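Engineer: I would like to see how this sequence folds:
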Amino acid sequence: MAKIEELTPQQLSITDLKPRGRVYPSPISWRDQFLYQLIVDRFSDDNENQRELFDRANPLKFQVKDKADWMTAGTKFAGGTLRGIRSKLNYLQRLGVTTLWINPLWRQPSQLETYHSDRIQDFLDIDPHFGTRQDLRDLIDAAHDRRMYVILDVIYNQSADNWFYRDDLIAALARVYQYWIAVSDCDGFCIDSLKHVSLEDSRKFCTAISEYTQSIGKDNFLLAGEMTSGSMAAADIDIIGRNLSAVLDNVQAPNELTALAKGLVDPKQFFDLYSNNLAGEYRQIGIYHVCVLDDERMSFRTNKQRFAAYSNVPNLYEQVAHAVGVQLTMPGIPAIYYGTEQAFDGNQGYHDYSLEGEGLAEDRYIKEAMFGGDFGAFQTVNCHFFDIDHPTYLRIAAIARIRNRQDKIGKALRRGHHYLREISFCNYPFSIPPQGELVAWSQVLFDTEVLMVLNSNGLENRGAEVTVDTYMHPQDSEMTFLYKSDWSNADLRNPRQNQTVAVQHHNDGRATVRIDLPPSGMVILA
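Structural biologist: Okay, here's the model as predicted:
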């Protein structure tokens with residue numbers, strides 16, 4: 001572990017931009033990564049061994065006795081730290097995560113409960129609630145030792161009410177963040193509220209960061225920014241081409257993905273995002289957009305709520321896992337929000353107006369503490385949620401393991417071309433499926449096809465003949481199941497090697513496989 005200086009620079013002009021210790025190289029392509037977005041204050045305090053694991057079979061065991069106290073706790077610092085994140089790297093790696101995405105860490109005004117870190121007072125120091133500068137470096141070094149990457153949220157369009165922006169401040173902020181790259185050895189930035197900054201200022205900032213990182217050997221430092229509209233607009237694509245690496249696809253796409261996974265719309269509505277227009281072509285390439293399901297703002301939803309909120313489908317855990325499964329098996333850089341793998345259901349419906357009249361800070365309810373404490377998920381206290389046997393965790397991990405493979409199959413999932421497949425059920429003609437039926441898609445890379453089939457119906461079994469590539473699957477060939485959502489826990493951890501399905505050839509030249517799935521079920525074949 002590299003040792004960095006303890007004292008914080010008191011002036012920006014004396015910041016040392018020489019890297020401390022090793023410089024970990026960038027990934028070849030960010031579309032090979034699986035991002036996990038977390039809030040430091042709400043993830044881990046490294047004291048989970050002092051609390052029991054949440055009991056899914058008895059959810060009332062840790063139910064809060066005073067809801068008013070629980071609600072109030074959600075507006076304050078909960079206690080998560082950088083050391084806590086470091087203690088959970090094994091948990092994250094077993095899930096299949098390859099990159100941590102951490103919210104802003106910089107010092108906040110001491111009189112404010114700004115756990116969300118958007119009121120920065122000192123851009124050159126870590127907020128003491130989260131730990132120290134050395135804790136940040138130790139976390140990133142430990143992640144790099146596991147071949148994992150770390151990207152940081154950065155803010156340059158707002159701060160605490162203690163200073164104002166001058167025209168030359170964007171250049172100063174570029175130096176601030178160059179300094180943090182030198183100190184921490186982080187691998188990328190997610191630029192917060194990019195849409196509120198002029199294109200010219202964004203260009204200058206991105207250019208300054210990109211030139212610095214290339215000069216020290218990080219040749220593919222990630223610069224991702226928020227989108228400006230519901231689709232990948234021409235302005236976004238222009239920025240990408242010259243400055244940003246990718247944009248966060250967090251306006252229209254998360255709602256379309258949610259509706260697809262829950263069977264609420266015609267599947268084509270989601271897959272049209274990858275159709276033959278300019279935005280679709282950029283999504284198909286996969287390196288220019290970060291796929292989002294939930295995030296810390298949920299600004300794309302009418303209400304502040306996670307994917308699993310207000311749901312009573314019998315296979316909810318599978319449905320959550322398979323929404324992520326779509327992310328992991330489509331072009332793009334997939335990113336999940338902490339707690340999704342434990343099927344957190346945070347939503348502003350938890351607010352009790354009889355206890356707190358004003359509906360302020362509704363986003364507290366989508367920022368539950370995974371480590372428990374006074375503001376645990378599902379209205380609990382003093383239990384943690386790092387359950388490696390949770391049905392959702394196991395299924396996401398199983399799908400991510402396929403995506404992360406270094407063979408042709410893994411590369412097809414990460415870099416292949418996407419095709420929506422026609423199906424036939426009840427002897428109807430082959431077509432793109434309607435709402436509530438099986439939906440199938442392939443990722444194809446040269447001579448390798450990986451087929452995904454999802455039952456978008458959350459209440460009933462579904463079956464169909466599913467089209468596959470005729471030339472890749474000749475007469476009498478078979479496809480092998482790489483993942484089946486109804487496998488046992490043991491099979492999910494160590495998939496069976498010999499489960500196959502025969503490929504049928506039809507008189508019209510079409511090739512198909514027969515797939516039957518339970519509600520919210522999913523399979524992957526190759």
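
Engineer: any stretches of the stretch 151-300 of the chain with poor pLDDT?
Structural biologist: 157-169, 193-196, 227-242 (pLDDT under 70).

Engineer: quick one: the strands in it, in order.
Structural biologist: Remark: strands assigned in the stretch 151-300 of the chain by DSSP state E, counting those that start in this stretch are 188-191, 222-226, 246-249, 289-292.

Engineer: pairing partners for the second one, with directions?
Structural biologist: Which is strand 222-226. Neighbouring strands of strand 222-226 in its sheet, by DSSP bridges, are strand 188-191 (parallel), strand 246-249 (parallel).

Engineer: format these as JSON lines; extra columns: mean neighbour count.
Structural biologist: Using the backbone N, CA and C atoms, a C-beta is placed for each residue, glycine as well. Formatted as JSON lines, these follow (neighbours: other C-beta atoms under 10 Å):
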{"stretch": "strand 188-191", "mean neighbour count": "25"}
{"stretch": "strand 246-249", "mean neighbour count": "25"}
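
Engineer: can you say which of the ones you listed is nearest to H418?
Structural biologist: With C-beta to C-beta as the measure, strand 246-249 is the member of the strands paired with strand 222-226 nearest H418 (14.4 Å).

Engineer: that closest one: how far from the chain's middle?
Structural biologist: 12 Å (C-alpha atoms, centre = their mean, to the nearest Å).

Engineer: could you do stretch 441-450 as well?
Structural biologist: On C-alpha atoms, centre = their mean, the centre of stretch 441-450 falls 24 Å from that of its chain.

Engineer: where in this structure is pLDDT low?
Structural biologist: Applying pLDDT under 70 to the chain flags residues 117, 157-169, 193-196, 227-242.

Engineer: returning to that earlier point: in TSV: the strands paired with strand 222-226, plus distance to T99.
Structural biologist: TSV is the format used below for the strands paired with strand 222-226 (distance: least, C-beta to C-beta, whole Å):
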stretch	distance to T99
strand 188-191	8
strand 246-249	12
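
Engineer: identify the bridge partners of the residue nearest to L451 when sequence neighbours are not counted.
Structural biologist: Leaving aside its chain neighbours, L451 sits nearest to L525 (4.7 Å; criterion: C-beta to C-beta, 6 or more residues apart in numbering). Under DSSP bridges, the beta-bridge partners of L525 are L451, F481.

Engineer: residues contacting L525?
Structural biologist: Taking C-beta atoms under 8 Å, 6 or more residues apart in numbering as the criterion, L525 is in contact with V450, L451, V453, M479, T480, F481, L482, V501, V513.

Engineer: on the three-state scheme, the third one is what?
Structural biologist: Here V453 is strand, with the state taken from DSSP: H, G, I helix; E, B strand; the rest coil.

Engineer: that one - how many residues pack around it?
Structural biologist: 23 (other C-beta atoms under 10 Å).

Engineer: what sits against it?
Structural biologist: L438, V439, A440, V466, I515, L517, M522, V523, L525.

Engineer: can you put those residues in TSV and add distance to I151 and secondary structure?
Structural biologist: Formatted as TSV, those follow (distance: C-beta to C-beta, whole Å; DSSP: H, G, I helix; E, B strand; the rest coil):
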residue	distance to I151	secondary structure
L438	36	strand
V439	31	strand
A440	33	strand
V466	37	strand
I515	37	strand
L517	35	strand
M522	28	strand
V523	32	strand
L525	33	strand
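
Engineer: could the strands of the stretch 151-300 of the chain go into a markdown table alongside distance to Q348?
Structural biologist: Formatted as a markdown table, the strands of the stretch 151-300 of the chain follow (distance: least, C-beta to C-beta, whole Å):
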| stretch | distance to Q348 |
| --- | --- |
| strand 188-191 | 24 |
| strand 222-226 | 22 |
| strand 246-249 | 22 |
| strand 289-292 | 19 |
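
Engineer: which secondary structure elements does the longest helix seen in the chain sit against?
Structural biologist: Counting residues, the longest helix found in the chain (DSSP state H) is helix 199-216. Secondary-structure packing of helix 199-216 (3 or more C-beta pairs under 8 Å, 6 or more residues apart in numbering; DSSP states H and E): helix 169-184, strand 188-191, strand 222-226, helix 234-242.

Engineer: can you put these in CSV and add distance to R306?
Structural biologist: Listed next are the helices and strands packed on helix 199-216 as CSV, based on distance: least, C-beta to C-beta, whole Å:
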stretch, distance to R306
helix 169-184, 30
strand 188-191, 20
strand 222-226, 19
helix 234-242, 26
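
Engineer: so which of those comes closest to H116?
Structural biologist: H116 lies closest to strand 188-191 among the helices and strands packed on helix 199-216, at 14.4 Å (C-beta to C-beta).

Engineer: which residues does that closest one contact?
Structural biologist: For strand 188-191, the surrounding residues in contact (C-beta under 8 Å, 6+ apart) are 30, 99, 101, 149, 151-154, 156, 177, 202, 205-206, 209, 221-226, 244-245, 248.
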